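1. Just to be clear, the model below is a prediction. Sequence and coordinates:
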Amino acid sequence: MDYSRPDPPDIDLDFETRHRGKVKQYIVDKYGEDHTCSIGTYQTYKTKAVILEVARTLGKEVSIANAVTKGMDGLAKFDVDLGDGDMEEMKVDKMSLDEVRQHYPPLDEYFRENEDVLRHASVLRNQVKNLSTHAGGVIISDLNLQGRIPVFKDKGGQVVSAWAEAGGNEELSKVGLVKFDILGLTSLSVISDTIELVKKHRGFTLSRDDIPIDDRETIRLGSHSDLKGIFQLENPATKPIADNVKLSSLDDIAALTSLIRPGPKNMGMHDEFANRKHGEDYEIPEFLKPILGDTMGVLVFQEQMMLISKALAGFDGIKANKLRKACGKKMIDLMMALKEEFISGAQFRIDAGEITIEQVVEMWNLIEEFAKYSFNRSHALAYSALTAAQLYLKCKYNVEFITALINNSKQGKEKFGIANMLVDYVNYARRTIGSGKVLPPDVNKSEVMFSIEDGKIRYGLGHIKRVATGAEAVVANAPYSSMEDFYNRAKKGNRRVTKKVVESLVFAGAFDNFSLGEEYDEFIGTPTHRNLIFHEFFAQRKKKEEVELLTDEEFQDKEIEVLGLCLSRPPLRDLFRPLVKERKWIDIGRQEHYGSALIFGKVEKILDKVTKKGDPMLVVQFTDEIDSIEFLVFNKSIPFFYQKLYKGAIAAVPMKKFSDTNTRFYDSSRGNEVEIFKRSDYEDRNW
């Protein structure tokens, strides 16, 4: 293959996120400050922000501007009339303000009353607001950059280019400079931390070289179970596709991760790949077999697209690269020109009877759509090696892998529609290795991070809300014999161990094993004990302020607030397990396999919503304190729902699933089967 190209490539390098700063500093130290610089990025005024900024600058009531823009989403799409009957779907931030106001009546009315806001916002919108530093982008050159391009120093002292290189801005590559992306990849940290935990708790050293990336057994077993925490495959939408393909090799993973990108997926190429892998007949023109043979005739990788353009249309390396770039960056004029050359260049294959004109046009359409989101093969295989390594570690060293996964998550981080990934991973551990094997935080036993203790996972103090900054000091001075000892050695004189830190530790149950004297030992681990701990703490501080006594429910709410979940008592899933089994109800974790079912759990929240038609609807958050789902209650079913159910109700709820999605709705026809329970009736039951 001819690798000549008129423009320099981007070079992406992945490192553990926590080491990325060190790598960037190494580059500066090695090549010198004159020959390296971080890349600048422009931030522009988007639609909502520019309206608010102009209103504020003109002395308008900002709350009014905020109210009319509140429901505006810059990424929302609407059909825009281009004239002559042509319509195009366009994002809000790409539309003119006159077009935007047509879709937002309150904004239209606001502009009518505030024409000066419209006038200034129209000028400033999408203009540069400020220049910041790209998180990973670096330029390395043999030239003195400070004499070639404009640069400045940011607040951290980094030399940064005043020119950008991202999205539509190609100001650096156009003058021949090469961009290096020093990227941070959390999955690398998960692998490193798993290796360290294996060494610490299993007594042997596992190096990266010891982790096979072509172990067919672990790829097959790991991918056919759940894919929680697995790099590239964790999105719940990927699981059915992985099941359909039946992953069994590194090449399968590379193909899958390329085919689940929007372009190929929308064209159904993942289904075509799976069907052919499992025996469906297909044909490949003889001259394309060297290119498409190992992917069963399915266009999967960027290199295949470029090679096809050479073999079919006679493109050289430069033109094939132009095709890749034109399709990927949607350069309409260049694509139209290349289409003509592609079809005319294929004429010699058509004349030879190797392919028809219809097949050539079909191949162009496939390339045009595919290239928008395509992966190159080397990228796909390198990333898939990480995926395979994680599948192996998860199969062989499950507790260590899950602990590493949790430690590389942050409290409150949202992903895949899950509100708190750290809590989701902790609940995953409770579900897979047992809820009793995830231990609550303890000031004498916990480390800053989650740790492993006799095959169980101990909650880390650093992951408790409002404790992070004080966790190291608390751990460094452990163990403690009493609250007085804790106050004197961890709290006293340490600004990081604040009153709020101690409160969060109490709410989290981190002092639950402290004795306050034999007369109180019967209360250890209860809300009464936690109230006494509060009093003891304030006694040490010699404060006369009263400590508010909290109820059981209030303490549970506080525990959930600081941990994201409750570890001080058994989850409903375990507490009611025998009853659920006896009545043949369905666990939330297994509900996706059933169309109509009585599903057991607790009503966590009830949200009032409106359907697209404007009808009232409820969205109910439902949990068994390990797994959670949402179900819908439609207008006609709302009265039947409220006859028995309410926020906090523990119940077996009848639900149905839509035929084309996993979304569930309340089945009011079975409303008489709803049963309500109290936790207290089952907590002391000897099953």
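-> Good, I have the coordinates.
2. Run through the residues that contact residue 109.
-> By CB atoms under 8 Å, 6 or more residues apart in numbering, the contact set of residue 109 is residue 68. No exception for glycine: its C-beta is placed from N, CA and C like everyone else's.
3. which element is it on?
-> When secondary structure is defined by DSSP states H and E, residue 109 falls within helix 105-113.
4. got it, and residue 604?
-> strand 596-610.
5. can you check residue 535 too?
-> When elements are defined using DSSP H and E, residue 535 is found to belong to helix 527-540.
6. Can you give me the buried ones in the very next helix or strand once past that helix?
-> Scanning forward in sequence from helix 527-540, with DSSP H and E defining helices and strands, the next element found is helix 552-563. By 16 or more other CB atoms under 10 Å, the buried positions in helix 552-563 come out as 555-556, 558-559, 562-563.
7. closest to residue 153 among those residues?
-> When the buried residues of helix 552-563 are compared for distance to residue 153 (CB to CB), residue 562 wins out at 40.3 Å.
8. Now for the closest one: which residues touch it?
-> Applying CB under 8 Å, 6+ apart, we find residue 562 in contact with 464-467, 504, 507-508.
9. Considering these, which possesses the most neighbours?
-> Neighbours here are counted as other CB atoms under 10 Å. On that basis the top member of the contacts of residue 562 is residue 508, with 29 neighbours.
10. how close does that one get to residue 141?
-> For residue 508, the distance to residue 141 equals 51 Å [CB to CB, to the nearest Å].
11. now swap in residue 561 and tell me
-> Applying CB to CB, the value for residue 561 to residue 141 is 51 Å.
12. Need the CA coordinates for the biggest helix by length in the chain. CSV is fine.
-> If you go by DSSP state H, the chain has its longest helix at helix 377-396. Backbone C-alpha positions of helix 377-396 (Å, rounded to 0.1, in the frame of the first residue of the first chain) are rendered in CSV as follows:
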residue,chain,number,x,y,z
ARG,A,377,-7.9,-1.7,11.9
SER,A,378,-4.7,-1.0,14.0
HIS,A,379,-6.8,1.2,16.4
ALA,A,380,-9.5,-1.4,16.6
LEU,A,381,-7.1,-4.2,17.4
ALA,A,382,-5.1,-2.2,19.9
TYR,A,383,-8.2,-1.3,21.8
SER,A,384,-9.6,-4.8,21.5
ALA,A,385,-6.4,-6.1,23.1
LEU,A,386,-7.4,-4.1,26.2
THR,A,387,-10.9,-5.5,26.0
ALA,A,388,-9.6,-9.1,25.8
ALA,A,389,-7.2,-8.4,28.7
GLN,A,390,-10.1,-7.2,30.9
LEU,A,391,-12.3,-10.2,30.0
TYR,A,392,-9.4,-12.4,31.1
LEU,A,393,-8.8,-10.6,34.4
LYS,A,394,-12.6,-10.5,35.2
CYS,A,395,-12.9,-14.3,34.6
LYS,A,396,-9.8,-15.3,36.5
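13. Helix or strand next in line after it, which one?
-> Scanning forward in sequence from helix 377-396 by DSSP H and E, the next helix or strand is helix 398-407.
14. just checking, what packs against that following helix?
-> Judged by 3 or more CB pairs under 8 Å, 6 or more residues apart in numbering; DSSP states H and E, helix 398-407 is in contact with helix 186-202, helix 377-396, helix 421-433, strand 451-453, strand 456-458.
15. Now render these as a markdown table, adding mean pLDDT and distance to residue 651.
-> A markdown table is the format used below for the helices and strands packed on helix 398-407 (pLDDT from 0 to 100; distance: least, CB to CB, whole Å):
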| stretch | mean pLDDT | distance to residue 651 |
| --- | --- | --- |
| helix 186-202 | 95 | 38 |
| helix 377-396 | 93 | 35 |
| helix 421-433 | 92 | 20 |
| strand 451-453 | 95 | 36 |
| strand 456-458 | 96 | 30 |
